[in-house]
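Undergrad: structure of the sequence below:
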Amino acid sequence: MVTFQDQVNQTRLSSQRKSGYNPRTGVYNSLIKLKGKHKIPTKVRLDTASFVLSQFSKLDLAESRVALIDSATNRRVTYGQLKRSVYSLAAGLYHGLGVRKGDVVFLLSPNSTLYPTICLAILLIGGVVTTANPVSTVSELTKQVLDSGAKLAIAAPEEKHKLLSTGVPTVATTREPSSGNELSVEELIDCCESMVLPENHVDQSDTAAVLYSSGTTGTSKGVILTHRSLISTITILKWAVDISSAKDDIFLCFIPMFHIYGLAFFGFGLLCAGTTTVLMQRFDLKGMLEAIQTYKVNNIPAVPPVILSLVKYNGGGYDLSSLRSVGSGAAPLSKHLAHQFRAKFPWVELKPGYGLTESCGAASYFVTAEEAKARSAASGALLPSFCAKVVDPVTKMAMGPYGEGELWLKGPAVMKGYLGNKVATSETIDSDGWLRTGDLCYFDEDGYLFIVDRIKELIKYNGYQVAPAELEAILLNHPDILDAAVIPLEDEEAGQVPMAYIVKARGSELSEDQVMQFIAAQVAPYKKIKKVAFIDEIPKSVAGYDLKVVPYGAIHLHDPL
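TA: This next block holds a predicted model:
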């Protein structure tokens, strides 16, 4: 006779199998296994650039196939040109500028068709890439140059002056008519084509890149990514392109390549899949719409604020019928915004994902658009090679399906640690190699990941935890609200209370009281917004991430990627 408890146990077992959760270990395992040509290479002596370039011949790419297009100039770079340029520049860096294995090269440039060439050339000779945001100040850049130990800098001509005080030799990316005899990357490519590179001795365990991230504790730190980290992520990206039949798609890149999202996708990963990418220097809505229409763009890796701008845009006049797929990463995509996007663009697949700089930009993704549509608030399932834990922040117990806690990740893509910061490394990676992400999450019974919010951004109201992302999603449902950001406001009695910054639609007479009532009608009493401020714009980074401005003047980047 089957008892009720037997039925409960069977249901639990079935749920565990579907979710990939093992109750004995408390670990969620990816339900996807890479096979055949998609397996992550285990060869010890292998660098990222050699791996990427080797895919060109494996894909049987025609030399004339276009790899990159500059949207501003229409300049096109074929796969054949790209491969020759990488080898030429690598020879120039090695023979002409003395870059050797382990030397750090600092790259300061907006997106360009030269960006992947520069990164691949540095890695091909065993150098280490460190990238920087072109809008950074002189003092910020100086700090990063010193912290990374850069031996050489490569900068866009308009950014070179910011590095003068560092004393690091600097090469311009492009020729400058007024530069006299100063060397440029373009000239190195032209002059060094016939030079031969010595055999490199780079292992997958060697450092490939140091990318600066706010990390899980809020301060900027150098994330050490090995060649193994990058090769793992690149392999997964190539797999994702193949299973989604996107290898013939035209991709659009406005995500900055100095960021892991842009670098992993457009600097390396998509090149291994043989796709064509249209590059924008930075995001602007009109430029994006024009690029989609002009180049018949099919696929856009994006961020939630960009998706919001598409939903809110009512100008019309652009042909967006070529769009086939839009991805979302870097911050949680709200269920409401996902529904709005799908309603406005019903022919476009919308697939959110999740990753951090510390996980080399990868962790979870939706394999199909149908799965993403059925779970609009999720960030996909664990990608191949990843496993996860959900750890209760108080009890430290591993949580099963639907149990909320901090997301811990493990896999070959996870960082080596923070550069020169043993304390931060030990606080973020435990002795067993688990990466503490700082994100509050849960998995459902089918193994799909739901990110609730950043633990450090949770508002602590009288002992309750309030997730700003939940309130922001509700606010964006109001017809008179174009954008919103919720932050903690210090309160003597409650500790913290939710405060909302609101961007109203033009001509709207929306009041503070109306905003508070709108929220109060949809949430528990402890989640009510207690103060509202109307502003013209929510500050955003060049990639489109929210820069949340708090009342006491601090600014921090909401950037879990």
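
Undergrad: CA only for contacts and neighbour counts going forward, please
TA: OK.

Undergrad: can you list phi and psi of the most centrally placed residue in the chain for me?
TA: The centre of the chain sits closest to residue 261, judged by CA atoms, centre = their mean, with a distance of 3.1 Å. Per-residue torsions, residue 261: phi -60, psi -50 (degrees, to the nearest 10).

Undergrad: where's residue 531 relative to residue 500, distance?
TA: 6 Å (CA to CA, to the nearest Å).

Undergrad: the more surrounded of those two?
TA: residue 500 (25 against 16; other CA atoms under 10 Å).

Undergrad: taking the mean pLDDT, what do you get for the helix or strand where that one lies?
TA: Applying DSSP states H and E as the criterion places residue 500 in strand 495-504. Across strand 495-504, the average pLDDT comes to 89.

Undergrad: which residues touch stretch 120-131?
TA: For stretch 120-131, contacts defined as CA atoms under 8 Å, 6 or more residues apart in numbering pick out 47-50, 86-87, 89-90, 93-94, 99-108, 119, 148, 200-202, 207-212, 258-259.

Undergrad: restricted to helices, list those.
TA: 48, 49, 50, 86, 87, 89, 90, 119, 148 (DSSP state H).

Undergrad: coming back round to it: and the strand holding residue 500, what does it pack onto?
TA: Judged by 3 or more CA pairs under 8 Å, 6 or more residues apart in numbering; DSSP states H and E, the packing partners of strand 495-504 are strand 459-461, strand 481-491, strand 531-534.

Undergrad: just checking, next helix/strand downstream of it?
TA: helix 512-520.

Undergrad: packing partners of that following helix?
TA: Checking 3+ CA pairs under 8 Å, 6+ apart, helix 512-520 ends up next to helix 468-475, strand 531-534.

Undergrad: return the most buried member of these.
TA: Of all these, helix 468-475 has the most neighbours on average by mean count of other CA atoms under 10 Å, namely a mean of 21.

Undergrad: let's see it as CSV, backbone CA atoms only.
TA: C-alpha atoms of helix 468-475 as CSV (Å, rounded to 0.1, in the frame of the first residue of the first chain):
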residue,chain,number,x,y,z
PRO,A,468,14.4,47.0,-4.4
ALA,A,469,14.1,45.1,-7.7
GLU,A,470,10.6,43.9,-6.8
LEU,A,471,9.4,47.4,-6.1
GLU,A,472,11.1,48.8,-9.2
ALA,A,473,9.3,46.1,-11.3
ILE,A,474,6.0,47.2,-9.9
LEU,A,475,6.7,50.9,-10.4
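
Undergrad: so it versus helix 512-520, what angle?
TA: Using axes from the mean of the first three to the mean of the last three CA atoms, to 10 degrees, the inter-axis angle of helix 468-475 relative to helix 512-520 is 110 degrees.

Undergrad: avg pLDDT for helix 468-475?
TA: 85.

Undergrad: now tell me what touches it from outside.
TA: 332, 334-337, 452-453, 457-459, 481, 484-487, 498, 515, 518-519, 527.

Undergrad: same thing but at 10 Å, please
TA: Residues outside helix 468-475 that contact it (CA atoms under 10 Å, 6 or more residues apart in numbering): 331-337, 451-454, 457-459, 481-488, 498-502, 515-516, 518-519, 522-523, 527-529.

Undergrad: are any of those residues buried, and if so which?
TA: 331-337, 451-454, 457-459, 481-488, 498-502, 515-516, 518-519, 527-529 (16 or more other CA atoms under 10 Å).

Undergrad: one step back: tabulate the helices and strands packed on strand 495-504 in CSV, adding columns for distance to residue 397.
TA: Below are the helices and strands packed on strand 495-504 laid out as CSV (distance: least, CA to CA, whole Å):
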stretch, distance to residue 397
strand 459-461, 21
strand 481-491, 28
strand 531-534, 36
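
Undergrad: of those, which is nearest residue 81?
TA: strand 481-491 (42.9 Å; CA to CA).
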